[in-house]
Structures are given as C-alpha cells and as structure tokens.
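Colleague: all I have is the shape, not the residue letters:
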Ligand code: ATP
Ligand code: MG
Ligand code: FE
C-alpha cells in the first residue's frame with residue numbers, strides 16, 4: 001500500500017509517498033524561508049500564496065522521485081488542520097482534487113496526530129507512550145494510548161517552546177527561524193548567561209510557561225544595549241543561557257509527566273519527542289539522560305521528520321486506513337483541532 005501525504009499548514013510546502021511497510025519512497029519539502037525572512041516570522045497571507053505557487057510542483061517532484069503515477073496510489077492523506085487556514089485550504093483542495101480525479105480514498109489528518117505517530121514510522125514502538133510535542137505553535141505532553149486516543153497531561157499556558165526560541169532570536173537580532181539561530185549562536189558561547197528564570201520548574205502539574213523567560217531576556221538585552229555592552233560574545237552567552245533555561249524547563253515538566261504517565265500506565269513503552277524543537281541537540285541529550293535515569297526508551301525521530309513534513313501525514317493516513325477509516329469529501333479545513341478532543345472516528349468519516 002502506498003499513500004500520498006500533503007502538508008501545508010504552516011510554512012513548509014511538502015509532499016511524500018510512504019508505504020504501509022514504513023518505506024519513505026519520497027519526501028519533498030519546499031521551506032518558505034526566503035518568503036518570510038524579511039518579516040522575521042511567518043506571514044499567513046504570504047504562506048497561503050506560496051503554498052498555491054509551489055504545491056503542484058512539490059507533489060510532482062515527490063511522484064517523480066518515487067516513480068509512481070497517481071493511479072498507483074492507494075489513498076491521499078492531507079493535513080486538515082490545525083494551522084494557518086489559508087494554507088490548509090490550499091492543501092485540502094489539492095488532496096480532494098487528486099483523490100476525486102483518481103477515485104482514491106481521502107484522509108484528512110490532524111497535523112498534531114502526524115507528529116504524534118511519527119515515531120511509529122521511524123521505530124517499532126507500541127502504545128502507550130508519552131509524547132513531548134514541542135514546535136513553533138504547540139507545546140504539550142500527551143499520553144498516546146492508540147490512534148485517535150490522546151490524553152493531554154499538560155500544555156503551555158502562553159508561548160510554545162519554538163515560539164519562545166523565535167521571539168528570543170528576534171529580540172537578540174539573530175534571525176529567523178529562531179531555534180536553529182539560537183542553537184548556532186550558543187555554540188560560540190564562552191559562558192552561558194546564568195541568571196535567567198526557569199518558569200514552572202518544580203510545579204506539581206505538567207504545564208509550561210515561557211513568557212516570563214522571554215521578558216527576562218528582553219530586560220537583559222535592553223540593559224546591555226543601554227550600556228553599549230551588547231556585542232557578539234555577550235549575545236552568544238545569552239543565547240546559550242536561554243537555550244539552557246528552555247531545556248531545563250522542558251526536562252522538569254517531562255520528568256513530572258513521566259511519573260504521572262507511569263502511574264496510570266505501568267506498561268508505558270517509551271518517551272517520544274516530536275516537533276521542530278525536538279531537533280535541538282541539547283534537548284535531545286538532556287532527554288536521553290532523563291530517559292536513561294528513568295529506565296525507559298527515548299525515541300527521537302531524525303530532525304527532518306521532527307519538523308513539519310508530509311511523510312508523517314502519509315503515515316498517519318496509513319494508520320487511519322488500517323482502522324478502516326477515511327474522510328468524507330465534505331471535510332472542512334479546521335484552523336483549530338485539539339488532539340485530545342478528537343473522537344476515535346474522523347469528522348465526516350465514511351467507512
Ligand atoms: P506547528 O507548531 O503547527 O507544528 P511549526 O512550523 O512551528 O508548526 P515545526 O516546523 O515542527 O513547527 O517547528 C518549527 C519550530 O521549531 C520553530 O519555532 C523553530 O525555531 C524550532 N526549531 C527548529 N530547529 C530548532 C533547534 N535546533 N532548536 C530549537 N528550536 C528549533
Ligand atoms: Mg514549520
Ligand atoms: Fe508541525
């Protein structure tokens with residue numbers, strides 16, 4: 001079985017072909033970095049138009065790479081939300097058009113479910129597992145009990161972790177996207193800036209907060225600039241200190257969630273990470289230490305499959321198809337679509 005996946009919910013225009021045997025035949029991504037860089041962040045209107053400009057060529061490139069024609073597909077899986085609605089509409093219309101024209105089943109995939117199930121594409125992991133989902137738009141801890149069965153243990157009460165990286169980079173003049181820019185600057189640090197706060201650390205719940213950390217960083221940067229002491233060396237140290245603070249917060253909250261998840265699920269199989277921030281090397285190393293100490297496996301998919309991609313959408317489609325599910329052609333793109341609100345059946349689901 002081979003499924004075409006389409007992703008267009010944020011600033012990556014992506015198409016992929018994946019088989020039920022977990023082979024990625026093609027995985028094509030057009031990242032709209034040049035389009036959004038002048039604005040220091042993703043501009044929804046520009047993103048939607050860029051998806052419109054590039055999606056057909058991206059899909060054609062994936063089909064060519066796999067050496068397949070549309071007639072040979074078994075289904076079309078497309079991100080149905082949540083995300084920037086203009087881009088989601090472009091992808092859903094394209095997915096519907098291909099599925100209709102070639103009489104294939106359509107699966108409208110929750111983008112977050114794509115991230116949540118990626119570990120099952122890259123590794124042999126059975127349910128239940130604990131998922132730390134950290135991206136530009138999302139920051140949450142979930143127990144993945146099965147396909148369509150997600151129990152949220154905690155989430156951010158303000159910014160997502162990736163959003164915090166992006167905003168911090170912007171206020172330090174480090175460019176876009178902020179995560180990789182801060183990680184690179186941190187490599188040049190001589191001494192990580194020490195006195196940044198660790199919001200929520202030690203709290204009994206599993207929630208996150210990053211706005212206080214961002215404000216503290218802004219105050220340091222403003223004071224340093226006023227004193228004419230904000231040079232490249234200081235900036236590198238601040239970047240390293242900021243990265244360290246975010247990682248420490250994520251580890252503290254994940255450790256708390258691990259205890260909770262294990263209390264409810266003594267057979268918890270793994271700690272899994274997903275989302276763009278999961279590409280961060282320091283976070284990965286710290287999570288590995290946490291998992292080793294807790295005697296649980298850490299599953300960290302390759303960075304390319306942690307950031308937005310279409311292989312995860314195709315795979316989530318395969319998992320849904322395996323349960324006999326597909327979507328109706330009346331599926332309406334969803335700007336908001338919480339993972340833990342999702343019923344086991346897809347909205348507008350046919351058989
Ligand atoms: P969504 O939240 O809807 O999934 P998104 O486009 O923000 O959308 P991703 O593409 O998964 O999500 O992740 C992008 C985010 O990951 C950005 O905020 C980026 O700064 C962050 N990021 C990428 N690489 C790193 C890194 N090495 N360290 C820290 N953050 C990173
Ligand atoms: Mg993205
Ligand atoms: Fe994403």
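Modeller: Structure received. Just so you know, these numbers come straight off a predicted model, no measurement behind them. Numbering: from 1, shown residues only. Ligands and ions are numbered 1, 2, ... in the order given.
Colleague: how about the closest residue to ligand 2 within the stretch 251-351 of the chain, nearest residue that isn't a chain neighbour?
Modeller: The stretch 251-351 of the chain approaches ligand 2 most closely through residue 308 (4.1 Å), counting by C-beta to the ion. (Each C-beta comes from the backbone N, C-alpha and C, glycine too.) Using C-beta to C-beta, 6 or more residues apart in numbering and skipping residues adjacent in sequence, the residue nearest residue 308 is residue 12, 4.2 Å away.
Colleague: list the contacts for that neighbour?
Modeller: By C-beta atoms under 8 Å, 6 or more residues apart in numbering, the residues touching residue 12 are 29-32, 307-309.
Colleague: and what of residue 47?
Modeller: 10-11, 32, 35-36, 84, 86-87.
Colleague: can you do 10 Å?
Modeller: Contact partners of residue 47, counting by C-beta atoms under 10 Å, 6 or more residues apart in numbering, are 8-13, 32, 35-36, 83-84, 86-87, 90.
Colleague: quick check, residue 75 in contact with residue 108.
Modeller: No - the criterion here is C-beta atoms under 10 Å, and residue 75 misses it with residue 108 at 11.4 Å.
Colleague: quick check: neighbours shared by these two?
Modeller: By C-beta under 10 Å, 6+ apart, the residues touching both residue 75 and residue 108 are 95, 317, 320, 326.
Colleague: of those residues, which pair is most distant in space?
Modeller: 95 and 320 (13.6 Å; C-beta to C-beta).
Colleague: tell me what the lowest-mean-pLDDT helix or strand in the chain is packed against?
Modeller: Ranking every helix and strand in the chain by mean pLDDT, DSSP states H and E puts helix 33-36 at the bottom, with a mean of 89. Here helix 33-36 touches helix 44-66, going by 3 or more C-beta pairs under 10 Å, 6 or more residues apart in numbering; DSSP states H and E.
Colleague: which residues touch whatever residue of the stretch 1-150 of the chain ends up closest to ligand 3?
Modeller: Using C-beta to the ion, the single residue of the stretch 1-150 of the chain nearest to ligand 3 is residue 135, 4.6 Å away. By C-beta under 10 Å, 6+ apart, the contact list for residue 135 reads 10, 111-112, 115, 160-163, 179, 274-278, 306-308.
Colleague: switch the cut-off to 7 Å
Modeller: By C-beta atoms under 7 Å, 6 or more residues apart in numbering, the contact list for residue 135 reads 160, 162, 275-277.
Colleague: so which of those is the most crowded?
Modeller: Within the contacts of residue 135, most neighbours by other C-beta atoms under 10 Å means residue 277, with 28 neighbours.
Colleague: quick one: pLDDT of the closest residue in space to it that isn't next to it in sequence?
Modeller: Using C-beta to C-beta, 6+ apart and skipping the chain neighbours, the partner closest in space to residue 277 is residue 134 (3.8 Å). pLDDT recorded at residue 134 is 97.
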